[in-house]
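Enquirer: Fold the stuff below for me.
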Amino acid sequence: MSRSDTVTKQIFIECRPETLFSFFTDPDKLVRWMGRHVLLDPTIGGKYRIDVNGSDIAMGEYKEIVPNEKIVMTWGWEKSKLVPPGSSTVEFKLTPKDNGTLLILTHYDLPASEIASHQHGWTHYMDRLQLLAQGTDPGVDPWSEQAMHE
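Expert: Reported below is the predicted structural model:
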């Protein structure tokens with residue numbers, strides 16, 4: 001059994017939890033911070049598919065949804081042997097704080113060799129989400145033009 005690890009990120013976003021929550025459940029909003037084609041069925045057991053750049057496609061299903069508080073989904077990459085769909089889990093927790101929301105992302109069960117790339121990836125996407133949720137357009141994702149995993 002290979003060692004698995006966790007990526008954790010925290011970011012403070014100046015918007016209400018219910019505003020932020022919609023960026024995980026509404027495909028028209030999610031695609032503005034991640035991916036270039038997004039299909040979502042935000043129900044328990046519902047599937048999602050996030051096409052990042054035409055070759056890297058994240059897939060999984062929703063495991064837990066607590067409106068405006070928490071989203072848990074399985075995560076993997078369509079063609080990946082290391083992190084195939086369903087092999088890891090991402091949890092987003094939204095906690096009201098001051099005049100905004102503390103977003104805590106935890107990505108469980110990643111192979112140790114994949115930690116750095118996912119840490120880098122989530123940093124990139126959290127920054128975009130923060131801008132967007134605070135009312136700034138982050139623009140087209142530069143990553144949507146290039147393949148990450150060869």
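Enquirer: contacts, neighbours, all on C-alpha from now
Expert: OK.
Enquirer: Let me know whether Gln119 touches Val7 as I believe.
Expert: Yes. Shown here, Gln119 and Val7 form a contact pair, counting by Cα atoms under 8 Å, at 6.1 Å.
Enquirer: low-scoring stretches of the chain, by residue?
Expert: Where the chain drops to pLDDT under 70, the residues are 1-3, 146-150.
Enquirer: what's in contact with the longest helix seen in the chain?
Expert: Longest helix of the chain, by residue count under DSSP state H: helix 115-133. The list of residues contacting helix 115-133 from outside it, by Cα atoms under 8 Å, 6 or more residues apart in numbering, reads 5-9, 11-15, 19-20, 23, 32-34, 137-138.
Enquirer: quick one, the top strand by length along the chain and helix 115-133 angle?
Expert: Criterion DSSP state E: the longest strand present in the chain is strand 100-111. Between strand 100-111 and helix 115-133, the angle comes out at 160 degrees (axes from the mean of the first three to the mean of the last three Cα atoms, to 10 degrees).
Enquirer: elements contacting strand 100-111?
Expert: In terms of contacts (3 or more Cα pairs under 8 Å, 6 or more residues apart in numbering; DSSP states H and E), strand 100-111 is packed against strand 4-13, helix 17-25, strand 88-97.
Enquirer: With just CA atoms, put the second one into PDB.
Expert: Right, helix 17-25. The C-alpha trace of helix 17-25 is given here as PDB (Å, rounded to 0.1, in the frame of the first residue of the first chain):
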ATOM      1  CA  PRO A  17     -20.900  31.500   2.600                       C
ATOM      2  CA  GLU A  18     -24.000  31.200   0.400                       C
ATOM      3  CA  THR A  19     -22.300  33.300  -2.300                       C
ATOM      4  CA  LEU A  20     -19.200  31.200  -2.200                       C
ATOM      5  CA  PHE A  21     -21.100  27.900  -2.100                       C
ATOM      6  CA  SER A  22     -22.700  28.600  -5.500                       C
ATOM      7  CA  PHE A  23     -19.200  28.600  -7.000                       C
ATOM      8  CA  PHE A  24     -19.000  24.800  -6.300                       C
ATOM      9  CA  THR A  25     -22.500  23.900  -7.400                       C
END
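Enquirer: List the buried residues of that helix.
Expert: Buried residues in helix 17-25, counted by 16 or more other Cα atoms under 10 Å: 17, 20-25.
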